[in-house]
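Colleague: Starting from these lines, generate the structure:
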Amino acid sequence: MQKETFFQDVLMNQKNAEVLQILSEICEYIEHDTKFLYNPLFIGGRTETGKSHITATLAKVYPQNVHVIQGGDLVYQNKEEIQEAFSLGKNVKVLIIDDVQRFKDENAIQEQIVYFLDKLAEHVLIVLFQNTDREAEFCKSFASTISKGLSFTLHEPDLEIKVLYTQKYAAEKELTFTKEQCLYIARRSSGFRNIQNIINHIHLYKEQMKKMPTMQDIERIVAKKGYVFTANPDIIIATVAEVYGFTSKQITGKKRYPRIAEARQLCIYLCRTMLGITYMEIGKIFGGKDHSTIVYSIKKIEDLIVTNKVMNNLVTEVTMLCKKNLSNIK
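Modeller: As a prediction, this is how the structure comes out:
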């Protein structure tokens, strides 16, 4: 398989050809230990240009070789926890730090990160991702570290790419759209997450109504950002709480005991996968958690589903209970 196929569904735009080539070279480096001349790589882009997709794809395809750190998490960690975050396994070849703009005002954290990056750069490729919706200025040493490598900018997807992504994501959800419906969704979506959100709601509509929505139904879903019927996340939270033996208030609270943290992460995962709620909306539901924490929670459950048979069975059981409870909404 050509390495480009890992990313081409969101980076097919010719304007992103340079980034696509670099990503292909990263895959070659991981698989065949080819030399990488530039380190670190700094990739910026506005919301919904594919940064999260790149991170998730690399981590999924090369789970033993790619280590991901969420920039938002570093803001809330002490020195020891940050040190632990940068303690990499012996097989790690690529270190990704996502959402570096989250610590733009934290000079002490930036200085600590620079220390670890300088130590790791000799044997690990470092890739930094930044959301460029807002300008972010970094301290001198961090900016100097970035300048040692190469910087790229991801460009926003054009209509053709959004149509292709709509078709791909719909196929993953086992949904079949007409050309008219597919084009309508793509035209009214700002980017990839918005497409996922709409299709997730259409999938839920199909689950509840036992039929595919008409074009008119899809127009209503898009116009109302998905909420054409009551699909309250409280139902998912209550269902998970009952299974784990907690209250909904405890799950949405701030306690971080391992079992309650796991229940909270499962709720976040189900709110995203079943209801298609945006990361920002989920963050508000769970006490103002930031984007990176929500992404981390979802990935944590996805990883456990693959590596832990007990969790796999639990997620399947809870998902069925949630579907049953959601289908009883009138």
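
Colleague: what's the offset of stretch 152-164 from the middle of its chain?
Modeller: The chain centroid and the centroid of stretch 152-164 are separated by 17 Å, computed with Cα atoms, centre = their mean, to the nearest Å.

Colleague: what's the span of that stretch from first residue to last?
Modeller: One end of stretch 152-164 to the other measures 24 Å (Cα to Cα, to the nearest Å).

Colleague: ok, now stretch 218-236?
Modeller: By Cα to Cα, the extent of stretch 218-236 from end to end equals 24 Å.

Colleague: what sits up against stretch 88-100?
Modeller: The contact list for stretch 88-100, computed with Cβ atoms under 8 Å, 6 or more residues apart in numbering, reads 26, 29-30, 51-52, 55, 58-59, 62, 64-72, 86, 113, 120, 124-131, 136, 138, 291-292, 295. Where C-beta positions appear, they are placed from N, C-alpha and C, glycine not excepted.

Colleague: Buried members of these into ChimeraX, please.
Modeller: Only the buried entries of these go into this ChimeraX selection, using 16 or more other Cβ atoms under 10 Å:
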select :26,29,30,51,52,55,58,59,62,65,66,67,68,69,70,71,72,86,113,120,124,125,126,127,128,129,130,131,138,291,292,295
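
Colleague: Cross the contacts of stretch 88-100 against strands and list the overlap.
Modeller: Per DSSP state E, strands hold the following members of those: 66-70, 125-131.

Colleague: Please, where are all the strands along this protein?
Modeller: 41-45, 66-70, 94-98, 125-131, 150-154.

Colleague: partner strands of the second one, parallel or antiparallel?
Modeller: For strand 66-70, the paired strands and their directions (DSSP bridges) read strand 94-98 (parallel).

Colleague: Please find the angle between the direction vectors of the partner strand and strand 41-45.
Modeller: Here the directions of strand 94-98 and strand 41-45 differ by 30 degrees (axes from the mean of the first three to the mean of the last three Cα atoms, to 10 degrees).

Colleague: Quick check: of the ones in strands among the contacts of stretch 88-100, which lies closest to residue 302?
Modeller: In terms of Cβ to Cβ, no member of the ones in strands among the contacts of stretch 88-100 lies closer to residue 302 than residue 68, at 12.4 Å.

Colleague: What does the pLDDT read for the nearest residue to residue 19 once chain neighbours are set aside?
Modeller: The shortest distance from residue 19 to any non-neighbouring residue, by Cβ to Cβ, 6 or more residues apart in numbering, is to residue 152 (5.0 Å). We have a pLDDT of 90 for residue 152.

Colleague: residues in contact with residue 152?
Modeller: Going by Cβ under 8 Å, 6+ apart, the list of residues near residue 152 reads 18-19, 22, 41-44.

Colleague: what is it paired to in the beta sheet?
Modeller: Where residue 152 sits in a bridge, its partners, by DSSP bridges, are residue 43.

Colleague: From residue 85, how far off is it?
Modeller: As defined by Cβ to Cβ, to the nearest Å, residue 152 lies at a distance of 24 Å from residue 85.

Colleague: and if you look at residue 48?
Modeller: In this view, residue 48 and residue 85 are 26 Å apart by Cβ to Cβ.

Colleague: likewise residue 235?
Modeller: 35 Å.

Colleague: Any regions of the chain where pLDDT drops low?
Modeller: For the chain, the stretches with pLDDT under 70 are 1-14, 224-231, 327-330.

Colleague: Between residue 48 and residue 85, which is the more surrounded one?
Modeller: Set residue 48 next to residue 85 and count neighbours by other Cβ atoms under 10 Å: residue 48 wins out with 23 against 19.

Colleague: quick one on the thing from earlier: just put the strands of the chain in a markdown table and tack on distance to residue 184.
Modeller: Putting the strands of the chain into a markdown table (distance: least, Cβ to Cβ, whole Å) gives the following:
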| stretch | distance to residue 184 |
| --- | --- |
| strand 41-45 | 26 |
| strand 66-70 | 34 |
| strand 94-98 | 32 |
| strand 125-131 | 28 |
| strand 150-154 | 25 |
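
Colleague: wait, which of those strands is closest to residue 163?
Modeller: Once these are compared by Cβ to Cβ, strand 150-154 is nearest, at 18.6 Å.

Colleague: what distance separates that closest one from the middle of the whole chain?
Modeller: Distance of strand 150-154 from the chain centroid (Cα atoms, centre = their mean) equals 20 Å.

Colleague: which of the residues in that strand are buried?
Modeller: Buried-residue list, strand 150-154, by 16+ other Cβ under 10 Å: 153-154.

Colleague: go on, stretch 25-44?
Modeller: 25-27, 29-30, 36, 39-44.

Colleague: Also stretch 251-269?
Modeller: 251-252, 260, 262-269.

Colleague: quick one on the thing from earlier: tabulate the ones in strands among the contacts of stretch 88-100 in CSV, adding columns for distance to residue 223.
Modeller: Converted to CSV, those look like this (distance: Cβ to Cβ, whole Å):
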residue, distance to residue 223
66, 39
67, 42
68, 36
69, 38
70, 33
125, 44
126, 43
127, 38
128, 38
129, 32
130, 33
131, 27
